[in-house]
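Asks: Quick one: sequence and predicted model below, then my questions.
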Amino acid sequence: MELDEVIITKAIVEQFFRKFADHVETDIAIAGGGPSGLVAGYFLAKAGKKVVLFERKLSVGGGMWGGGMLFNEIVVQKAALPILDEFGISYREFQKNYYTADSVESISTLISKSMQAGLTIFNCVSAEDVLMRKSRVTGLVLNWSAVEMTRLHVDPLAVRSQFIVDATGHETSVVRLVQEKVPGKLKTPSGKIEGEKSMWSDKAESLTLKNTREVFPGLYVAGMAANATFGGPRMGPIFGGMLLSGEKVAHMLLRGLSPKAK
Ligand code: 48F
């Protein structure tokens, strides 16, 4: 049978719009598709929640692909090995408490297993604002990253969720947007973004978990965004804290969620 370019086009367009329309109202919307956002999405989807993730770049995965300084290995400490086991990512012991995993295997597996668990991902889409009702973040305002990059004057669209997770890494994009709109109201010591501190792996890894929490009604932070928001240091290419942070935010949200979005 002859293949028809118009049918190929219709298949993509119709299927995409069905998928998008199905995710304008969800239980959780995650901004940022690095390791913390993907792990959060995995556990939420696995628990049967309706969860969508928007990633600014063409390739999902954030800062994990390149390991450390483009040496494509990551380090994971013992405490996070159960998450590597959950995903089926292979690792080797380097010395006591230091394990290494191939960064490409790690991130590609996080992406594929989270999607297979039910997470829906839209790539090349940026969160450029939030929806807010009665001092609560209730959704994300989205635009194509290409529109953002080319600075075209095009209005965005919006999606609504019971909870939003800022997993945008060092950029802390969503918290930054809230800070601009309602200055001084974040649940941080100063009411503002405290800002990321210099590298200190040990301290950063434990603080990432502690800082994974609600920063404004309806808005949670995970991963490096949590440390940037609450003033923790960066940790470099050790990823246990990122994985555990994603798991922690998922469990916090599962406790707070009312029945599944339609
Ligand atoms: O930076 P990223 O990997 O965040 P993470 O999950 O992990 C951090 C580590 O990779 C590493 C580290 C650990 O040692 O410090 O940096 O906290 O992924 C964040 C993703 O968010 C996307 C960005 O492109 C990246 O892929 N992003 C940033 N701003 C937006 C966004 C936005 N406004 N909308 C959508 N995606």
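Replies: On my side now, so go ahead. Numbers count the residues shown, from 1 in each chain.
Asks: Contact residues of the stretch 1-150 of the chain facing the ligand?
Replies: 31-37, 54-57, 62-64, 126-127 (Cβ under 6 Å from any ligand atom). Just so you know, the C-beta spots here come from the backbone N, C-alpha and C atoms, and that holds for glycine as well.
Asks: ok, now with 5 Å
Replies: Counting by Cβ under 5 Å from any ligand atom, the residues of the stretch 1-150 of the chain close to the ligand are 31-32, 34-36, 54, 56-57, 62-63, 126-127.
Asks: I'd assumed I193 was in a strand, is it?
Replies: No: using DSSP: H, G, I helix; E, B strand; the rest coil, the assignment for I193 is coil, not a strand.
Asks: ok, back up a step: want to try JSON lines for the residues of the stretch 1-150 of the chain next to the ligand, with neighbour count, secondary structure and pLDDT as columns?
Replies: Shown next, in JSON lines, are those (neighbours: other Cβ atoms under 10 Å; DSSP: H, G, I helix; E, B strand; the rest coil; pLDDT from 0 to 100):
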{"residue": "A31", "neighbour count": "27", "secondary structure": "strand", "pLDDT": "99"}
{"residue": "G32", "neighbour count": "30", "secondary structure": "coil", "pLDDT": "98"}
{"residue": "G34", "neighbour count": "28", "secondary structure": "coil", "pLDDT": "98"}
{"residue": "P35", "neighbour count": "29", "secondary structure": "helix", "pLDDT": "98"}
{"residue": "S36", "neighbour count": "36", "secondary structure": "helix", "pLDDT": "98"}
{"residue": "F54", "neighbour count": "24", "secondary structure": "strand", "pLDDT": "99"}
{"residue": "R56", "neighbour count": "23", "secondary structure": "coil", "pLDDT": "98"}
{"residue": "K57", "neighbour count": "15", "secondary structure": "coil", "pLDDT": "98"}
{"residue": "G62", "neighbour count": "26", "secondary structure": "helix", "pLDDT": "98"}
{"residue": "G63", "neighbour count": "18", "secondary structure": "helix", "pLDDT": "97"}
{"residue": "S126", "neighbour count": "22", "secondary structure": "strand", "pLDDT": "98"}
{"residue": "A127", "neighbour count": "26", "secondary structure": "strand", "pLDDT": "98"}
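Asks: Widest-spaced pair of those residues?
Replies: P35 and S126 (19.1 Å; Cβ to Cβ).
Asks: what about the protein, any weak spots by pLDDT?
Replies: 258-262 (pLDDT under 70).
Asks: Going along the chain, name the strands of it.
Replies: 25-31, 51-55, 73-77, 92-95, 98-102, 120-123, 125-133, 136-144, 157-166, 213-216, 219-221 (DSSP state E).
Asks: mind listing what the residue nearest the centre of the chain touches?
Replies: By Cα atoms, centre = their mean, the mean C-alpha position of the chain lies nearest to G37, the distance being 2.4 Å. Applying Cβ atoms under 8 Å, 6 or more residues apart in numbering to G37 gives the contacts 30-31, 53, 55, 62, 165, 167, 222-223, 246.
Asks: Thanks again, I'm all set now.
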